[in-house]
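In: coords please:
(2 chains)
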Amino acid sequence: MSDQVAKDYTQDLPVLFPYPRIYPEQYAYMCDLKRTLDAGGHCVLEMPSGTGKTVSLLSLIVAYQQFYPEHRKLIYCSRTMSEIEKALAELKALMKYRADQLGEVEDFRGLGLTSRKNLCLHPSVKREKSGSVVDARCRSLTAGFVKEQKERGEDVDLCIYHDNLDLLEPHNLIPPGVWTLDGMLRYGEQQKQCPYFTARRMMPFCNVIIYSYHYLLDPKIAERVSRELSKDCIVVFDEAHNIDNVCIESLSIDLTEESLRKAGRGAANLERKITEMKATDADKLQNEYAKLVEGLRDADQARDEEAFMSNPALPDDLLKEAVPGNIRRAEHFTAFLKRFIEYLKTRMKVLHVISETPPSFLAHLKELTFIEKKPLRFCAERLTSLVRTLELTNIEDYQPLQEVATFATLVATYETGFLLILEPYESDTATVPNPILHFTCLDAAIAIKPVFDRFSSVIITSGTISPLEMYPKMLGFTSVVQESYAMTLARRSFLPMIVTRGSDQSQISSGFQTRDDPQVVRNYGNLLIEMSKLTPDGMVVFFPSYLYMERVISSWQSMGILDSVWKSKLILVETPDSQETSLALETYRTACSNGRGAVLLCVARGKVSEGIDFDHHYGRTVLCIGVPFQYTESRILKARLEFLRETYRIRENDFLSFDAMRHCAQCLGRVLRGKDDYGIMVMADKRFAKKRNQLPKWISSALLESDSQMSVDQAVAASKKFLKMMSKPFPARMQDGISTWSYEDLMEHKRKIEAERDREVKNGEVNGDDHHIHGDVVMAEAQAAEDDMGINDDMDAAMMEL
Amino acid sequence: MSRFTQPKAAPVSKRDPRTGVVQSQDGELLHSHMRLMSLHDGKSIPTDNATLDVCPVCKSARYMNPSLRFLVNPECYHKMCESCVDRIFSHGPAACPIKGCGRTLRKHRFREQTFEDIKVEREVDIRKKVGATFNRREEDFETLLAYNDYLNDVEDITFNLINGIDLEDTNRKFEAYARAHGKEIEENAQMAVQERQSFSAAQKLERQQARERREAARREEEEEKREVEENRRDVLNRLASGADAETVAKEGQRVQLKKRMDRQAAAERQRQLQAAEDAHSGRTSKFVIKGLKTKQKPEPEAPVDPFGGLRLVDSYFTLQDDYVWEGIQEARKDVKQTAGGYDVRDYAHRSLVAAFSGLGVFVADEVTERDKLAQSDEAVGTARADVGLKDADLMTAP
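Out: Numbering: from 1, shown residues only, chains lettered A, B, ... in the order given. I've put the predicted structure just below:
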C-alpha cells in the first residue's frame, strides 16, 4: 500500500514503521516496550516467531532515541552471526525509510561487531581458519608494544589496516549511517582501514550497536568491549530463551589433564621468558613490580583494547586493591602457578567422582600446598599484567594457562553458586580414566548481574520464553512488564496437535521405561509414515537425544519403516558434526525445492533446532518425538537442580519440564516463520498432554482441547482436513483488519481502546494503566483454567470469518 | 536407502580436523614433542610414562607388578619402590642407593609422593616449614602495604630456601625470626587450628542441613502427588455414587485450584520470610566497625597472692649467697644433704629471720595496749552483771 500509513502513534511517540501494514501484536509489543522504557525497568516479552519482532523493536527504539533528547543508546544482542546480519539489514532498511519519510538523513550511526575472524582484512591473517589463531596473529601485529618496537627501529611486522586508523579522527573513523558487516568490510578495503578496530573504537559514538550476547555476558570479554557504555543504554537480548545457559557457560570452566599439561608448559615458558628478560631488560620487570607495590591499576591499561586476557567477574573493590605481596615478583608468581597446576594434577588422579564446594576446595588446597585464598583471587589479574610486561606475542600458547588462572580467580571469589565436579571416567562403563574437572556455575544470575545492575532498561525477548515468570526468578531481576502475545490470524494457519496413542490405542512415550518397547517404536514409525505421506515438501522430526535417535532409527530400519518413508520422502539425518549437518541441510533444501520432498531427522537440542528456519515449503510438518528432557543423570545438571531448589525455590521437576518445553517450543516454532506460512505441529508423547499449558501462549491458544489427546489416525485425519483448507487460495486482503492493520485500522483500534478506557473511568473501576497485564499469577491460573475448559474465543472468531 | 546411509557414512571421511579421530593422532605427536622438550630443558625428572613406572633401583616395572608403589624420602627426594625400601633400609639407616647421592636415609621418613613433579613436592615441604614459622595474619598489620611487604619478604626467604640461594644467610634470618617471635608464632598457629576446626564444623552442619532440605523437598513432592491421587479417587467415588458429572468435575477443579493457590501463598510467605531474614543477616554481617585493627590483647593474669597483699620483706638484712661459717660449709658439699633439694641458704635465711625477729617490736606499747583491752573487757563484764541484777529485780518485784 502507500506511504501515508507509515506513521504509527504509540501513545505520544511518533513511530515510523517501514511497512505499510502492521500486525496487531506488533502494535501491542511496541506499546509495552514504550511502557518499559518510560518506566525505566526490565521486561520480558514473548512474541510469536515470524511476526516481525526485530523490526518492531528497532523501529520503536530508534523512534524513541530520536524523539527524546537523551538519545539513549541501543545495544542489541543476538545469538548467531546470521541473526546479527539480519538485524543490521532491518536497521538499514528502517533508517533508509526514515530518511525518505522525514526528507533528511538523521545523524545516526549503527554498527555491528563480530569477531576478528569475520572482520579481518589483513591478507595473510584472514586466511587463517581458526578464530583464536586469527585473534593471536592480529594481536601480534597490532599490540601497543609492537608499535613501540617499530618506533625504536626494530624490524617487526605491523598491520597496515590497523595503523591507518591512527591517522583518522578518533571519533569519526567511519561516516554516519548503518553499516552491515559486509558494508564495513567493503569500506575498510576501500579506505585501507581495519573494520574490527573501527567498530570497536566507534562504539562510544554509535546510536545502535548490534553484537553477540557474549560481548555483554561473558565477563572475560565484556570487561574490554562493553566497559564504556553508559548507564542509560537500552539493552535488548533477542532470542533470549537460552540466556540462562549462555550465562552459565560463560562462567564455567572444564579442565582436563591435557589442558593442565599445556598450562604447565605455559608456566615453564613464562619462567624462561622471565629469566631472559632479567638478563636483557630488568628495568621493565622492576617497573612492573613497583607498580604492583603501589597497587595502582594502570588507568589506560584497563581500557587497552589489545589486552588479551582479562579477569572474570570480580567485585570492584578487589580491582582497586593491591596485588598480594607473595605473587608480586614475577618469578614468585610463576612458581605459584606451577604449584597450583601440580595440585590440580594431583586432584585429577583420584578415581572416584568428587563434587565439592569452592570453600572446601580452598581448604584442601591450603592444607596441601599452602596457597591462600587471596593470591589465588588475583591470579588472572596478575597473569594479564605479567603477559603485558613480557610483551608476549604468541598468546595462543598461553590459552590453557589463562584458563587455569581464570579458574583460580573464580574459585577464590565465589563461595556459592559454583561447584567443582571431578569426573574420572567419561562414561559409566569406561575403564580407562580420562578425568575432567568441571568447574560449573550453577547460578545464571552471577554472569548477568552486572548487566542488570548497570543498565536501567534490559529487554529480554524471544519467540518462546514461556513461562515468563521463570526468567526473572532464575536471572535474579524484577521486571516491570511481562507479556506474552498471541498470534492474530485470519485463518488457522498452523495446527498444533498432541498425539498420545498409536493407532492400536497403546500409549506412546519416550520415557525411559518404554522407549525400547517395540510397540512404541512401531507406533512412532507409523506416525512418521503417515505424516510423510500426507505432508507436502519438507518435514522435520525432532528426537530428544542423539542416542535415542540412533536407537530408533536402527529399529525402524529392521522393521522396514524407513523403506515405507522412503517411498514418499528422502531421509536425512543430523549428526553432531557441523559440516556433515550443513551438507544434510543443503540436500534437504534442494530436495524440498525440486519437489521430491524430504524428512530431516534431528535432535531437539542440536544445531538444527536453534537458528535454522524451515519456512514455507522447507517445513510443512514438524514432529516432536518424545519430550526433550535433559539427560538427568548428568551430575552437573543434578547440582544445578539442587541449587535452583535451594536458592530460587524452583522445583526439580518444574525446571526440567520448563526446560524441555522451551526446547520443544523452539522446535515447533521452526516451521512457522510468518503469517503467510502454514504448518502442522505434532507433539507425540503422552506426557505432552499434561504440559500443554507450559507452551507459549501463541501455540497453546491455537491448540484445541479436542486436539490434545489424539491417536495417530485421528491426527492423520485432522492433518488431512487442515491441509485441504490450506490448499485453498488465500488472498492477502482477507487478512486486512484482522491479522494485519493498515493505518486506518490502527486508528480505529486506538479509538476503541480509548472509548473503553473512558467507559471504565466513568464506571469508576479503573485499575490504572495496567488493564492488560496478565503477569499476575492469579490471572494466569484463571486463564489456564479457562483455556482448559473451552475453546479460545479468538480462535473461534477467526474460524467464523472463514 | 542408499541416500539414507550416505550422510550417515560421511563422518569418517569428512570429519572436522579439529575433532574426533584426528585429535588422537595430534595428542600422540604432542606427547613425543613434549618428551623432546623436557630433554631439551635438561631436567632430570622424567615426564615420560615408560620411565615413570620403573623403579630406578631394582628396575622392576609396573608392567610386571601392577601393585608397585613408589616412595620418596624428603632428605634427597629420590624415588624407589616399596620393596627396595624394605630391602635396603629395614636394618637401620643406610646410604641412598641412587648413584651420586649417598645421603643417609631412614626408613620411617619414606612416604608416598603427593605431587607428580618432585620439585613441587620438595617446595611444598619447605613451605610447610616456612609457613609454620611465618604465620602472621593480615590483622596483625596496620596497613595492607605492610602486610604485602611482609608477604613479599617471606616469599623471598622461601624462594631462597627452595632454590638454594644464600642458604646460610637465609637460614640465619629464619632462625632469628623463629627465636624472636616464638610466642606469637604459637598463638597464630593455635588460632589457625581453631579456625580449621570451626570451618570443618560449619561444613558438616551445612551438609547436614542440605540433606534435610532435600529430604523435606522430596516429602513435599510425595505429599502433593498423594493429594492429587486422593482427589482423583474422591471424584471417581462420587461419580460412581451417581452425582452429576458436571458439578463433580467443577468442584474437583475448584478444590484443586484452591489447594494450589494456598500452596503458592504459603510458598510466597515463606519466600518473603526468607528474604527478610537474608536481608537482616546480610545487614548484620555487612556491618563493620572501623578502627578495630589494633587488637587489645588481654592483660596477663596476676600471680596468685596467698598473703592478700601483705608483703614480707626482709627489711633488716640482705641474704648473702655464702656465709663463712664452718657449720654450713660441710652441708653445702654433702650430696646426702642437697639431693633432696635442701638448700643451705634456707637455713641461713631462717637463722637470720630468727636473729632479727622481735626487732622493731616495743614491749611497753604492747603492754598498755593489752591493758586497755583487758579493762574494756572488765567494764563489759560489770555492765552485764548489772543488767543481770536488774532482770532479777524485775523478776522478783511483782
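In: can you tell me how far the closest residue to residue A:341 other than its chain neighbours is from residue A:368?
Out: Counting by C-beta to C-beta, 6 or more residues apart in numbering or on different chains, residue A:341 lies nearest to residue A:264, which is 4.9 Å off, once chain neighbours are set aside. Every residue, glycine included, has its C-beta placed from N, CA and C. Separation of residue A:264 from residue A:368 (C-beta to C-beta, to the nearest Å): 17 Å.
In: then residue A:138?
Out: Taking C-beta to C-beta, one finds residue A:138 at 40 Å from residue A:368.
In: more crowded one of the two?
Out: Ranked by neighbour count (other C-beta atoms under 10 Å in any protein chain shown), residue A:138 and residue A:368 place residue A:138 first, with 25 against 17.
In: quick check: that one touching residue A:161?
Out: No. Counting by C-beta atoms under 8 Å, residue A:138 sits too far from residue A:161 to count as a contact (9.9 Å).
In: where does residue 204 land on pLDDT?
Out: All of this is about chain A. Looking at residue A:204, its pLDDT stands at 84.
In: oops, I was thinking of chain B
Out: pLDDT, read off for residue B:204, is 91.
In: give the helix, strand or coil label for it.
Out: helix (DSSP: H, G, I helix; E, B strand; the rest coil).
In: tell me the contacts of it?
Out: Shown in contact with residue B:204 (C-beta atoms under 8 Å, 6 or more residues apart in numbering or on different chains): no residues.
In: which stretches of the stretch 201-350 of chain B have low pLDDT?
Out: Within the stretch 201-350 of chain B, the segments meeting pLDDT under 70 span B:274-298.
In: what about residue A:76, which helix or strand?
Out: strand A:74-78 (DSSP states H and E).
In: distance between the strand or helix carrying residue A:473 and the chain's centre?
Out: In the assignment (DSSP H and E), residue A:473 maps to helix A:470-475. Centroid displacement of helix A:470-475 relative to its chain, using C-alpha atoms, centre = their mean, to the nearest Å, is 15 Å.
In: what's the average pLDDT for it?
Out: Throughout helix A:470-475, pLDDT has a mean value of 89.
In: contacting residues around it?
Out: So helix A:470-475 is in contact with A:42, A:44, A:240, A:243-244, A:247, A:444-445, A:448, A:452, A:460, A:465, A:478-479, A:482, A:644, A:648, A:650, A:658, going by C-beta under 8 Å, 6+ apart.
In: what comes up buried for that helix?
Out: Buried residues in helix A:470-475, counted by 16 or more other C-beta atoms under 10 Å in any protein chain shown: A:470-472, A:474-475.
In: check which element follows the strand holding residue A:76 along the chain.
Out: Next along from strand A:74-78, by DSSP H and E: helix A:81-102.
In: may I have the next helix or strand after that following helix exported as PDB, CA atoms only?
Out: As assigned by DSSP H and E, the chain's next helix or strand after helix A:81-102 is strand A:109-112. Written as PDB, here are the backbone C-alpha positions of strand A:109-112 (Å, rounded to 0.1, in the frame of the first residue of the first chain):
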ATOM      1  CA  ARG A 109      25.300   5.500  13.400                       C
ATOM      2  CA  GLY A 110      24.600   1.800  13.600                       C
ATOM      3  CA  LEU A 111      27.400  -0.700  13.800                       C
ATOM      4  CA  GLY A 112      27.700  -4.500  14.100                       C
END
